[in-house]
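>>> Need coordinates for the below:
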Amino acid sequence: MRMLIILALILPATMVSAQEWCDSASLNPTERTICADPILGELDADLTRAYRASDRDRAAQSRWLRARNACGTAIGCIEERYAERIAALRGARPVRSDLRPWCDGARLNPTEQTICRTETLADLDAALQAIYGAAQARDADGAQLRWLRGDRDACGTDTFCIGDAYLRRIMALGRQLRLDGN
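Just a heads-up that it's a prediction; the model follows:
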């Protein structure tokens, strides 16, 4: 239960509610897939913010929409199109030390640099820290270090992989807390 409360507090509103355009009756299969998937919905919201902050090149956006829609209902393909377009719109983002206290460290590995550039990943890191703190008294330090250096860091700079690794770890620790009666 604690985990659900923490996740509800940290997940952006766009993860909870679909985009406004999802109410349209004339959605293509790709758009229906986006509207049905909260992660794709979050990516669409991220893309909207990045596009609004960009030079709003309509021709490039139209080309991207055609490429995205060519994915049909293949979630992995749609995610890749979003990641590519968001990266193109934002360009290389600097590490932000304000996202997590440890982001101002000089020796961040590529995965940690990616977390410090991505608000959603920084939020997942904060949620994991809260859940891990509750589970820490159970000799989980070795398992946490193995997860950090193994599962998480194996993702490199792949934001989707990092996010997935965080969600799996948060769920595993939450399950541990439930089984232990907390």
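>>> Name the residues of stretch 59-75 that come out as buried.
64, 68, 71 (16 or more other Cβ atoms under 10 Å). Quick note: C-beta positions are derived from backbone N, CA and C, even for glycine.
>>> distance of residue 88 from residue 155?
As judged by Cβ to Cβ, to the nearest Å, residue 88 and residue 155 stand 21 Å apart.
>>> which of those two has more neighbours?
Neighbours per residue, other Cβ atoms under 10 Å: of residue 88 and residue 155, the larger number sits with residue 155, 19 against 13.
>>> Report the helix or strand with the lowest average pLDDT across this structure.
Taking mean pLDDT, DSSP states H and E as the measure, helix 13-16 is the helix or strand of the chain with the lowest mean score, a mean of 39.
>>> C-alpha coordinates for stretch 156-176, CSV please?
Coordinates of each C-alpha in stretch 156-176 appear next as CSV, following Å, rounded to 0.1, in the frame of the first residue of the first chain:
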residue,chain,number,x,y,z
GLY,A,156,23.6,2.6,-20.2
THR,A,157,21.8,5.7,-21.4
ASP,A,158,18.6,4.0,-22.6
THR,A,159,15.9,5.9,-20.7
PHE,A,160,13.2,3.3,-21.3
CYS,A,161,15.4,0.5,-20.0
ILE,A,162,16.4,2.5,-16.9
GLY,A,163,12.7,3.3,-16.2
ASP,A,164,11.8,-0.3,-16.6
ALA,A,165,14.6,-1.4,-14.3
TYR,A,166,13.4,1.1,-11.7
LEU,A,167,9.8,0.0,-11.9
ARG,A,168,10.8,-3.7,-11.6
ARG,A,169,13.0,-2.9,-8.5
ILE,A,170,10.3,-0.8,-6.9
MET,A,171,7.7,-3.6,-7.4
ALA,A,172,10.1,-6.2,-6.0
LEU,A,173,10.8,-4.1,-2.9
GLY,A,174,7.1,-3.3,-2.5
ARG,A,175,6.3,-7.0,-2.7
GLN,A,176,9.0,-7.7,-0.1
